[in-house]
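K.L.:
Sequence plus the predicted model coming up.
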Number of protein chains: 4
Amino acid sequence: MAEQKVNLMAEVTLVTSFQDADPMGVIYHGNYFRFFEESRRLLMEKINYNYRDMVISGYAWPVIDSYVKYVQAIPFNHEIRITAKLAEWENYLRVDYVIYDAQSGKRMTKGYTRQVAVDMKTEEMCFASPKILAEKLEPYFV
Amino acid sequence: MAEQKVNLMAEVTLVTSFQDADPMGVIYHGNYFRFFEESRRLLMEKINYNYRDMVISGYAWPVIDSYVKYVQAIPFNHEIRITAKLAEWENYLRVDYVIYDAQSGKRMTKGYTRQVAVDMKTEEMCFASPKILAEKLEPYFV
Amino acid sequence: MAEQKVNLMAEVTLVTSFQDADPMGVIYHGNYFRFFEESRRLLMEKINYNYRDMVISGYAWPVIDSYVKYVQAIPFNHEIRITAKLAEWENYLRVDYVIYDAQSGKRMTKGYTRQVAVDMKTEEMCFASPKILAEKLEPYFV
Amino acid sequence: MAEQKVNLMAEVTLVTSFQDADPMGVIYHGNYFRFFEESRRLLMEKINYNYRDMVISGYAWPVIDSYVKYVQAIPFNHEIRITAKLAEWENYLRVDYVIYDAQSGKRMTKGYTRQVAVDMKTEEMCFASPKILAEKLEPYFV
């Protein structure tokens, strides 16, 4: 059975920081997760399921893998737009990210993170996402 | 009454990371806390009072203030030696740090952090450090 | 002769990140420089003297010391307002920061950083701030 | 023609920091690049081709993509062993990483980064790695 499609997306525009840049004058590759984090935070706020809501629901959602494709170096003091889009959710929560140059609209980065639900009582990984996630996502079903 | 003197010190030598440097090629000023943290970790291990021991003892020890004097810029890929010394403990835990160029021995940075005990049950700040700290420190009294 | 007074201030409101919080659930003390950095960036943009302008002007402005007073722990996912105010400028650039709880207006942190001009050709520290700074600040003289 | 095999590997053992852990008490997923960085630094030192050598050679080596598989959460204050192994080099520099629990030897993480040479004069990406890399690697050919 195909996965229930969901249309859930968030975006944020920000100016990159001097402190996140490395001696080459561009954002250090490990610091892109900061941008992903901020856009995913906004994505999860949309469905009222932030980190605190997760704990209340009895589930932790550790990241199980991540991928980043650095298409173009991002300078510091540079305005970027980050989008986060829910790509999969029935077995794990996959969020796809794209970073754009805010001025030119050119794509600078893409990547994803996948998270899986862990039952905080049993400390066991869930093979399917818990019902609470489906409930939160329902308004975004298409 | 004067504070009971304690002779407790730790040190660590490490090579600074590319990722902690900024576009000027030197360690970003906010990243020095990383060096302080590592030396304080070793200091606290000496008295068997690390973060987990603190929680078990019923006290959190938030940092209440910090000061850093950046005497000389620290390049990345540079070997430094960090010392942490317990400077005060009866009312709060003050640790003094010095960072040296590991090769020349020249002093590059000094600073301190002060922490205060907070009773985790009442969430109240302790005006004097709890007995557990004195017990941990006793072997280092001078 | 007293220092020429300047009325220059910037502020920014943001939501703290999960990733900047430590296992106690509050912003790690070393990460406050991230908030200071963002507000100082906005302050310097006001006088058109950001990091790139500094390099073009022939001066680097390394931080020579910093102080932070952690009045109240800042949780993650918490809305804060940061103000940066130019406090001294003739011999060094001192910026004073205050972090407020954005909702209650309560003060959570205060701190400062001091930077000094270094002539990038001679690599020598300037005892007085270079003329370029006075020119940039002139519209804000009071 | 198959790629010339190279046997080049580095490893480092360290204790994870409180400051790199998130409110779940485990290392934040974006901070694993810190471990990769440290092991890659040692790998590159083996062939005398660190960041400064790269710049001298006329090439920058930006990371073009990265992948991390988080097999098991890593607590703070936990001793880990990180290995970095050169996996490909003729067209780009791929380093494979594994993080082990230093005590049990259990694998906790794996990942890779890929870097590509960029000619610093022309700012053009090199389709094949420059000769300097082959020269540096020659002692490790198998």
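P.N.:
That came through fine.
K.L.:
From the centroid of chain A, which residue is nearest?
P.N.:
A:Arg40 (3.6 Å; CA atoms, centre = their mean).
K.L.:
where does that one land on pLDDT?
P.N.:
Residue-level confidence at A:Arg40 comes out at 98, pLDDT.
K.L.:
Which helix or strand contains it?
P.N.:
helix A:32-46 (DSSP states H and E).
K.L.:
hmm, the following helix or strand past that helix touching chain D?
P.N.:
Next helix or strand after helix A:32-46 toward the C-terminus (DSSP H and E): helix A:51-57. Yes: Helix A:51-57 reaches chain D (CB under 8 Å from any CB of the partner chain) through A:Tyr51. In short, each C-beta sits where N, CA and C put it, glycine included.
K.L.:
what does chain A put close to chain C?
P.N.:
Residues of chain A lying near chain C (CB under 8 Å from any CB): A:15, A:17-19, A:33-34, A:37-38, A:41, A:50-52, A:76-77.
K.L.:
Pick the one among these closest to chain B.
P.N.:
For the residues of chain A next to chain C, the closest approach to chain B (CB to the nearest CB) belongs to A:Gln19, at 5.1 Å.
K.L.:
For my notes, confirm the closest one occurs in a strand.
P.N.:
No: assessed with DSSP: H, G, I helix; E, B strand; the rest coil, A:Gln19 is helix; it does not lie in a strand.
K.L.:
about what we covered before: which of the residues of chain A next to chain C are buried?
P.N.:
The neighbour count (16 or more other CB atoms under 10 Å in any protein chain shown) marks A:Ser17, A:Phe18, A:Gln19, A:Phe33, A:Arg34, A:Glu37, A:Glu38, A:Arg41, A:Asn50, A:Tyr51, A:Phe76, A:Asn77 as buried among the residues of chain A next to chain C.
K.L.:
contacting residues around the first one?
P.N.:
It stands for A:Ser17. A:Phe76, A:Asn77, C:Arg34, C:Glu37, C:Glu38, C:Arg41 (CB atoms under 8 Å, 6 or more residues apart in numbering or on different chains).
K.L.:
Give me the pLDDT value at the residue located most distally from the centre of chain A.
P.N.:
Outermost residue of chain A with respect to the C-alpha centroid, by CA atoms, centre = their mean, is A:Pro23; its distance is 27.1 Å. As predicted, A:Pro23 sits at a pLDDT of 97.
K.L.:
Let me know how buried the residue nearest to it when sequence neighbours are not counted is, in neighbour terms.
P.N.:
The spatially closest residue to A:Pro23, leaving aside those adjacent along the chain, is B:Gly25, at 4.5 Å (CB to CB, 6 or more residues apart in numbering or on different chains). Residues lying near B:Gly25 (other CB atoms under 10 Å in any protein chain shown) number 17.
K.L.:
OK, contacts around B:Gly25?
P.N.:
A:Pro23, B:Pro75, B:Phe76.
K.L.:
Let me have these in a markdown table, adding secondary structure as columns.
P.N.:
Formatted as a markdown table, the contacts of B:Gly25 follow (three-state DSSP):
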| residue | secondary structure |
| --- | --- |
| A:Pro23 | coil |
| B:Pro75 | strand |
| B:Phe76 | coil |
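K.L.:
beta partners for the nearest residue in space to A:Tyr67 that is not next to it in sequence?
P.N.:
Of all residues not flanking A:Tyr67 in the chain, D:Tyr67 sits nearest, at 5.0 Å (CB to CB, 6+ apart). Following DSSP bridges, D:Tyr67 is listed with bridge partners A:Tyr67, D:Tyr112.
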